[in-house]
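1. coordinates for the following, if possible.
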Amino acid sequence: MKFRYPRLAAGLLLILLPVLLPAQVLTGSIYEGRQKIPLRDAAITVEGTALSARSNHRGQFWLEHVPAGTITIAVSRNGFVSRSMVIEREADQDTLSVGLSLFPSNASFDPQSQSVAWRIPRFNRETAQGVASIDRFHLRAGPNRHVPDLLLGMPGSFWLTQGFDGVQPSLRGFGGRHIALLQDGVPILPASLTDGPSLWWLSLDPALVQRMEVLRGNGSVAYGNNATAGVVALSSAPIPFSDGGWQAHGQLGVHAQPQAQLGGHAMLSLANGFLSAQVATARRRVALLPLGHQDENPRPDAYQTEQRQARIGIQLSPTQQLDLSWETASVARDSAQMPVSDDPRGWGEQSVLRTQTMLRWTGNFPSTFWNRVSLTAVQQDYTTSRGLFDSAEPWLEEEQLRSRRAMLEIRSSPHWLWQSVSGVELASHLMTAKALASNGGPATNQAAGLPGQVDQQELGLYTLHTLDILKLHLAVGGRAQVQRLAWADSRFGEGDWAPQVLSGQISAMYPLSQCVEFVSTFGTGFRMPGISDLRAGVPWQSEVFVPSDSLGAERTFHSEIGIKAEHAFITGSVMVYHTQLNDWLRRTGSSYQGLNVWQGASVVQLANLDQGFVQGVEAEMEVPFHKTVSLFGSINYSYGFQVTQSDELPGMSPLNSRLGLRWRSVGGLWSRIEWRHASRQSQLSALDLLRPGQDPAGSPGWNVVHLHVGYDFAWGYATLGIENLLNSPVRYHGSVYGSPGRLVACSLQLGF
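-> From the prediction side, this is the model:
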């Protein structure tokens, strides 16, 4: 017996020791979605350490010996989107509790957060800019023939021109080359993009988009060139690693809408603990009219679109990952649907092709100054082909562009209330252009719309910081951008530009009450002149362009103020914005070979001459009447004016609004009815009046009603919608065609 007491005392000491000494414990709960359903078997790791745990049947986990200071915990589970959280544990803090929700990878991301504004994950309600984040559920709720369809109905978003050449989305009144389009953080639109409608917006299939984030307003500081009007950031479906052995997942979907679209997509992924792979393909025939066609005008443009992806992920270590992806996307005019004879401009075959290869390394570290480091290398090849048949010598033109990019991004957390992201971006674009003409005999070389060879180099340095100081949410950032462009051409010789610019931005949020925040943003933006500003040599609309000797950056000063409210009974925002346009490019008279007129066309070139502004107001709101029913709506008005020419800005969107009711049952059945409105647009510039079919009195207003229903089941979903329920006549501002009719849209997706 005398030997049992020491052993008993030692056993009790071992049991009580974790209670008597500081435990340095991290506890928490993992949930599924916003319904707070406990999620079991989720893997929780502390990045940069060997600490890991797994949630139990109640979604709870327990981690001991967690180090003090700033730590990052990563949470993952097969079939769900992995998430991470940066937390601060004080040295004298023994126990810390957290909670985190995961969202199914085949359903949605967190729709309440975004990272597009400052490249740092933030809740929408804590971001001063006008932002929107749309998850997978909302993406599939409409017909979504192409990516610009996803923008329709969003605050501040609209379409402008469609028909013949493509589409031109608009954010807060202007777009074209002033909207940056990203896919998984990589710019997609080519450097040769013209300031007008484009087929490149059709090269991304909505079926392969898992999430969309939109920044309305200046994004130049965070994303550099071509982001003065805003940013559209698309994310592909994630391919999480498996917790155990090999696992396979797949999906197959079809989409149909008479006259407007017919297509399908397929995706297959395979993963284990260290390797993940995914292949996906999508194809559809799409008509550019948003709602169909029922009048006697020529048939609308129709295009065949294809997109194929292949991605591989390698888990190099618990904190490092390597991703390799390959993608090809093409858009080709459906000549059987739109013969040359039906085209009043004489355009024939048009097509674009993009091929992309990307390598990305990501590392997570316990360091304060480099929590997360990402290095990306991308090569993109663009080919644009088009033909013109209404001249004496029909000709075909082809442009080939090779772009190479390298991007380094470093995220830091100097303090748990201070986060930053800084980076370096390098880009090189090499373009060749050629044109062939034939009058029935052998084809001969002709002058292309661009110089024969153009080389463009870009370098950007940026740093962005978000700080939470007491009640104030503050964000500041700056960017330095330099660029060099050189060209060589048999007609115009050689030349080069070397513009450079500095830009900065500051935004702040301050609570006026417990539920209402005052927001403000001030900053400068820019668009560097690029390859697209070298259009030269081809007479068009009685003008022929010659390259300018020197062009500088188009500059903007953007300001917006407003309020954001989040309450149990209503969520919404009201924003007033003003963008000053400085050194805007404008055509001006010039000479070629000493002549002001060449081949019967006036010689013109671009120069930084114009000043102007765009201003407006936008508002959005959502009112939840019940856990399953909510009312939503938005309204936007923009006005633009060219001060130096005393003329309206071209391509301004009209006053537009929407109002809808959304219902979703617990069992998976949902429905949505939505009314959309556009007022008459009589704000026309001289360039607007040159558009084919544009009424000098303006574009008429319209009202449409859409009804959609759907059902989400365990292995897929089905949707059915009636577009333009009341069969109202519609003509989008700037569109060549009008009078769409009532259409039925349906889609079905199956998965395993």
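2. phi, psi of Thr127?
-> phi -120, psi 120 (degrees, to the nearest 10).
3. how about the contacts made by it?
-> For Thr127, the contact set (Cβ atoms under 8 Å, 6 or more residues apart in numbering) comprises Gln114, Ala117, Trp118, Ala475, Met509. Using the backbone N, CA and C atoms, a C-beta is placed for each residue, glycine as well.
4. next: Gly667.
-> With Cβ under 8 Å, 6+ apart, Gly667 has no contacts at all.
5. tabulate the contacts of Thr127 (CSV), appending distance to Gly751 and secondary structure.
-> Shown next, in CSV, are these (distance: Cβ to Cβ, whole Å; DSSP: H, G, I helix; E, B strand; the rest coil):
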residue, distance to Gly751, secondary structure
Gln114, 26, strand
Ala117, 32, coil
Trp118, 34, coil
Ala475, 39, strand
Met509, 40, strand
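6. most neighbours, which of those?
-> Ala117 (29 neighbours; other Cβ atoms under 10 Å).
7. look up phi and psi at that one.
-> phi -70, psi -50.
8. surely it meets Glu126?
-> No: using Cβ atoms under 8 Å, Ala117 is not in contact with Glu126, being 10.1 Å away.
9. need the residues touching each of the two.
-> By Cβ under 8 Å, 6+ apart, no residue touches both Ala117 and Glu126.
10. look up how far Gly495 lies from Ser548.
-> 8 Å (Cβ to Cβ, to the nearest Å).
11. more neighbours, those two?
-> Neighbours around Ser548 and Gly495, counted as other Cβ under 10 Å, are more numerous at Ser548. The numbers are 19 against 16.
12. for the more buried one, what are its contacts?
-> Asp533, Gln605, Leu606, Ala607.
13. remind me which helix or strand it belongs to.
-> For Ser548, there is no host helix or strand (DSSP states H and E).
14. and the next helix or strand past the worst-scoring helix or strand of the chain on mean pLDDT?
-> Sorted by mean pLDDT, DSSP states H and E, the helices and strands of the chain end with helix 4-20, the least confident at a mean of 44. Counting by DSSP H and E, the next helix or strand C-terminal to helix 4-20 is strand 25-32.
15. report all helices and strands that that next one contacts.
-> strand 37-38, strand 43-46, strand 60-63, strand 95-102 (3 or more Cβ pairs under 8 Å, 6 or more residues apart in numbering; DSSP states H and E).
16. out of those strands, nearest to Gly217?
-> When those are compared by Cβ to Cβ, strand 95-102 sits nearest Gly217, at 28.9 Å.
17. give me the angle between the closest one and strand 25-32.
-> 20 degrees (axes from the mean of the first three to the mean of the last three Cα atoms, to 10 degrees).
18. which strands and helices sit next to strand 95-102?
-> Counting by 3+ Cβ pairs under 8 Å, 6+ apart, strand 95-102 packs on strand 25-32, strand 69-76, strand 83-89.
19. worst average pLDDT in those strands?
-> Ranked by mean pLDDT, the helices and strands packed on strand 95-102 bottom out at strand 83-89, with a mean of 75.
20. quick one: buried residues of it?
-> Under the neighbour-count criterion of 16 or more other Cβ atoms under 10 Å, strand 83-89 has Arg83, Ser84, Val86, Ile87, Arg89 buried.
21. tell me the contacts of the first one?
-> Read it as Arg83. If you count contacts by Cβ under 8 Å, 6+ apart, Arg83 has them with Ala74, Val75, Ser76, Leu100, Leu102, Asp110.
22. low-scoring stretches of the stretch 101-250 of the chain, by residue?
-> 103-112, 143, 161-166, 243-244 (pLDDT under 70).
23. hang on, Gln580 packs against Thr524?
-> No: contact criterion Cβ under 8 Å: Gln580 and Thr524 do not qualify, at 9.5 Å.
24. list residues touching both of the two?
-> By Cβ under 8 Å, 6+ apart, the residues touching both Gln580 and Thr524 are Thr556, Phe557, His558.
25. make a PyMOL selection of the buried ones in the residues you listed.
-> To isolate in PyMOL the members of the shared contacts of Gln580 and Thr524 that are buried, counting by 16+ other Cβ under 10 Å, one can use:
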select buried, resi 556+557+558
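26. out of the shared contacts of Gln580 and Thr524, which are inside helices?
-> When helices are assigned by DSSP state H, not one member of the shared contacts of Gln580 and Thr524 lies inside them.
27. nearest to Phe137 among the shared contacts of Gln580 and Thr524?
-> Closest to Phe137, out of all of the shared contacts of Gln580 and Thr524 and judged by Cβ to Cβ, is His558, at 31.9 Å.
28. now the closest one: how far from Asp583?
-> Using Cβ to Cβ, one obtains 15 Å as the distance from His558 to Asp583.
29. could you list the low-pLDDT ranges of the stretch 601-750 of the chain?
-> For the stretch 601-750 of the chain, the stretches flagged by pLDDT under 70 are 736-740.
30. wait, the stretch 451-600 of the chain
-> Checking the stretch 451-600 of the chain against pLDDT under 70 turns up 536-542.
31. try 80
-> Along the stretch 451-600 of the chain, the model assigns pLDDT under 80 to residues 489-493, 535-545, 549, 591-594, 598-600.
32. strands along that one, start to end?
-> For the stretch 451-600 of the chain, the strands defined by DSSP state E, counting those that start in this stretch cover 453-469, 472-489, 493-497, 500-511, 516-527, 543-545, 554-566, 571-589, 597-598.
33. helices of the stretch 151-300 of the chain, residue ranges please.
-> For the stretch 151-300 of the chain, the helices defined by DSSP state H, counting those that start in this stretch cover 220-223.
34. isn't Trp663 right next to Val629, touching?
-> Yes: judged on Cβ under 8 Å, Trp663 makes contact with Val629 at a distance of 5.0 Å.
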